[in-house]
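In: Sequence and predicted structure below; questions after.
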Amino acid sequence: MHVQEWLDTVPAAAVYAVVGLVIGLESLGIPLPGEIVLVSAALLSSQHGGVNPVILGACASAGAVIGDSIGYAIGRKGGRPLLAWLGRKFPRHFSEGHVATAERSFQKWGMWAVFFGRFVALLRIFAGPLAGVLRMPYWKFLIANVLGGIIWAGGTTAVIYYVGVVAESWLKRFSWLGLVAAVLIGVASMLVVKRKAKKAQTVPQEAEPEPVAAAE
C-alpha cells in the first residue's frame, strides 16, 4: 500500500509517532525511507484537517535530532568495527566506497557535513554514527545536528504542506474549468456538425444520367 494511503488509515497521533520514529531510526543509522514518510505525511496534512503540520514538523525535527544523537553515541562507542558490521548487514548503504566518501566529506567540511548531510539521503544515514566514529566534539555535532534537523524536517514539512494546499486549490479550480471547457467543446462540436449537415442538404444533387437506348 502507498505510504500516504496507509498513513490516512491511522489516527493523527499515530502519524506523528510513525514519522518521528522512522526519521529517528534513519538518523540513527538504519536505512529507512524517512524522507518519503515525511513528505507523504506533510502532503496528507494539507488534505486532512486532523494532522497538524506544526506538530508534524516538531515530531519530525525531534526524531531527527534524537536519532542523530543516539547514532553519534553508538558510533563513538563502537568505532570502526561498527562500520564494518554495518557494511556486512547493509552492504548497499554501508559499502566501503560509501563509507570512504562520507568520511572524506566529514574530514573536509567538519560540522558542516553534519548540517548539510541532513539534506542528502546517504549522509543522513551516516551523519550520526560517522561523526561519533571520527570523534567529532559533541558540542559541534549537536549544533549542526539541531540546526540541520529543524531546518530539514520543519522546512520540508512547510514546503510540502503549502504545495499540497495550493495544488488542491488549483485542482478544484481546474475541475470547474474542465467542466466548462467540456460543455463549450460539446456545444461547438454540435454546431459544427449541424452546420455541415445543413450545408450538405443545400448542395444541388448531380443530374442523373439519361438512360441509353439499347442497340437494336
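Out: Yep, that arrived.
In: going forward, measure contacts and count neighbours with C-alpha atoms only.
Out: OK.
In: buried ones in whichever strand or helix holds V114?
Out: Using DSSP states H and E, V114 sits within helix 111-117. The neighbour-count check on helix 111-117 (16 or more other CA atoms under 10 Å) flags 111-117 as buried.
In: Please list the residues outside it that contact it.
Out: The contact list for helix 111-117 (CA atoms under 8 Å, 6 or more residues apart in numbering) reads 105-106, 123-124, 127-128, 131, 140-141, 144-145, 147-149.
In: if you set the cut-off to 6 Å instead, what comes out?
Out: 106, 123-124, 127, 141, 144, 148 (CA atoms under 6 Å, 6 or more residues apart in numbering).
In: Any chance of those in JSON lines with distance to S61 as columns?
Out: Below are those laid out as JSON lines (distance: CA to CA, whole Å):
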{"residue": "F106", "distance to S61": "22"}
{"residue": "L123", "distance to S61": "17"}
{"residue": "R124", "distance to S61": "13"}
{"residue": "A127", "distance to S61": "15"}
{"residue": "F141", "distance to S61": "16"}
{"residue": "A144", "distance to S61": "13"}
{"residue": "G148", "distance to S61": "9"}
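In: Scan those and report the most crowded one.
Out: A127 (31 neighbours; other CA atoms under 10 Å).
In: What sits closest to that one if chain neighbours are left out?
Out: With CA to CA, 6 or more residues apart in numbering as the criterion, A127 has its nearest non-adjacent residue at 5.5 Å, and that residue is V114.
In: Quick check: pLDDT value at that neighbour.
Out: For V114, the model assigns a pLDDT of 84.
In: what about this protein, any weak spots by pLDDT?
Out: Along the chain, the parts satisfying pLDDT under 70 run over 1-6, 8, 48-49, 91-94, 165-216.
In: which stretches of it form helices?
Out: Secondary structure of the chain (DSSP state H): helices located at 3-7, 12-28, 34-47, 53-89, 96-109, 111-117, 121-133, 138-202.
In: buried sites along the second one?
Out: Applying a neighbour-count criterion of 16+ other CA under 10 Å, one finds 12, 15-16, 18-28 buried in helix 12-28.
In: Show me what it is packed up against.
Out: Using 3 or more CA pairs under 6 Å, 6 or more residues apart in numbering; DSSP states H and E, the elements in contact with helix 12-28 are helix 53-89.
In: what angle separates the helix it packs on from helix 121-133?
Out: Angle of helix 53-89 versus helix 121-133, following axes from the mean of the first three to the mean of the last three CA atoms, to 10 degrees, is 70 degrees.
In: and which of the buried residues of helix 12-28 is nearest L82?
Out: Nearest to L82 out of those is L28 (CA to CA; 12.6 Å).
In: Excluding covalently adjacent residues, which one is nearest to the closest one?
Out: G71 (4.2 Å).
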